[in-house]
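Undergrad: Dropping a prediction and its sequence here:
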Amino acid sequence: MLSRCSLGACHVLMLVLRLSAAEDFDWTKNDHGSFYYGTFPTGLVGISLAGEWGEPVDITNQKDIEAAERYVQFYLGWFATPIFNGDYPQVMKDYIGKKSAQQGLGSSRLPTFSSQEKSYIKGTCDFLGVGHFTTRYITQKNFPAGRTPSYFTDRDLAELVDPRWPDPGSEWLYSVPWGFRRLLNFVKTQYGNPMIYVTENGVSEKMMCTELCDDWRIEYLKDYVNEMLKAIKDGVNVKGYTAWSLLDKFEWDEGFSERFGLFYIDFRNKNKPRYPKASVQYYKRIISSNGFPNQREVENWRRKATETCSSSNQLLAAEEQRTTAANILRLIHDPLTSHMEMVTEIVVPTVCTLCILLSAVFLMFLLRRRN
């Protein structure tokens, strides 16, 4: 929700983060124009932001083109534009201001920066970290002013996906590699071609069974890294790339049901053993080659990665069988422990509660007889 409170909270957060870097601490600039603190003159100050690309549904329709621009500005530009240019994107100020007036508010729900705040915030970033996963098609859609104000209604747009896009994992994540190159070029054009570090880029799987031969992740990494290399040839100042993520982990409200890791984690085992997926070997070769040498070599990478994951699958299957067997034996040979746990956790508290209730009823009965 983009209520006045939530917009204000993000506004204050940005001021705290950037003003602390510019004023409250002893941040200065080195000979290269980069910020550093104290005794670390070679350090760099940056921020990592999530950013997805929005592509117009109809590239000949001006309203769709403008809606796609709003999508990216409300997403990445909300925080990046003040840091690099000193103020919120103009389209955010215009749309939220207009919606606020239609809702009868005396001022915009989007706070404003003072001149002093703008001068402090602008340029307080030596590099931009970008977390990118997917793309959406965008079209114009008007939301009436009477609706509850939110991030989605303020933008006046609708998000669409192509049903042909691969979607192996999270319901929001589709593989659309060409959107990555366009987003990186947007950053170059919009913010003066800053240094970019890709801090998150990857794909999940959502499966009931274990699968270490993750061909879809190999394809995702190949296509997205390739689009990043194209962006570098376009002149985008990309300095580094990090695949997301090294290990399977807890994924917000999805818990452990979605796996982004290059390594599979057996969460059911108390020791949490780790098994490499096929994408591990593939990604290692991308790193060692700093890209892709030739098509024949890349296909050889895939073949070797698949061979490795087949062996890992056998090891994992054997380990899962041992774990299952151990759990069954524990239940068979330790019935007394299970019985005592049930007595301690259920029977005893229930009996105590019933005794208290019976005592209370008996006491009331005695008092009534005495009266």
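TA: Alright, I've got the coordinates.
Undergrad: Now do the strands in the stretch 1-150 of the chain.
TA: With strands called from DSSP state E, counting those that start in this stretch, the stretch 1-150 of the chain shows them at 27-29, 35-37, 46-50, 53-56, 127-131, 135-140.
Undergrad: With the stretch 151-300 of the chain instead?
TA: 157-160, 195-200, 238-241, 263-265, 274-276.
Undergrad: Check the strands of the stretch 1-150 of the chain for me and report the most buried one.
TA: Of all the strands of the stretch 1-150 of the chain, strand 53-56 carries the top mean neighbour count, a mean of 23, counting by mean count of other Cβ atoms under 10 Å. The way it works is simple: take the backbone N, C-alpha and C, and place the C-beta from them, glycine included.
Undergrad: Can you list the neighbours in contact with that strand?
TA: 64-65, 67-69, 71-72, 75, 132, 135-139, 157, 159, 176, 179-180, 182-183, 186 (Cβ atoms under 8 Å, 6 or more residues apart in numbering).
Undergrad: that older thread, got TSV for the strands of the stretch 151-300 of the chain, with mean neighbour count, mean pLDDT and distance to D87 too?
TA: Listed next are the strands of the stretch 151-300 of the chain as TSV, based on neighbours: other Cβ atoms under 10 Å; pLDDT from 0 to 100; distance: least, Cβ to Cβ, whole Å:
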stretch	mean neighbour count	mean pLDDT	distance to D87
strand 157-160	18	98	22
strand 195-200	19	98	22
strand 238-241	15	97	26
strand 263-265	19	93	43
strand 274-276	17	91	46
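Undergrad: Can you add distance to P293 and give those back as TSV?
TA: Formatted as TSV, those follow (distance: least, Cβ to Cβ, whole Å):
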stretch	distance to P293
strand 157-160	37
strand 195-200	21
strand 238-241	17
strand 263-265	25
strand 274-276	22
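Undergrad: Including distance to E171 and mean pLDDT, could the strands of the stretch 1-150 of the chain go into JSON lines?
TA: What follows is the strands of the stretch 1-150 of the chain, written out as JSON lines (distance: least, Cβ to Cβ, whole Å; pLDDT from 0 to 100):
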{"stretch": "strand 27-29", "distance to E171": "42", "mean pLDDT": "52"}
{"stretch": "strand 35-37", "distance to E171": "40", "mean pLDDT": "50"}
{"stretch": "strand 46-50", "distance to E171": "17", "mean pLDDT": "95"}
{"stretch": "strand 53-56", "distance to E171": "18", "mean pLDDT": "98"}
{"stretch": "strand 127-131", "distance to E171": "18", "mean pLDDT": "97"}
{"stretch": "strand 135-140", "distance to E171": "13", "mean pLDDT": "98"}
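Undergrad: Any chance of JSON lines for the ones you listed, columns distance to D266?
TA: Conversion of these to JSON lines gives the following (distance: least, Cβ to Cβ, whole Å):
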{"stretch": "strand 27-29", "distance to D266": "45"}
{"stretch": "strand 35-37", "distance to D266": "42"}
{"stretch": "strand 46-50", "distance to D266": "29"}
{"stretch": "strand 53-56", "distance to D266": "35"}
{"stretch": "strand 127-131", "distance to D266": "27"}
{"stretch": "strand 135-140", "distance to D266": "33"}
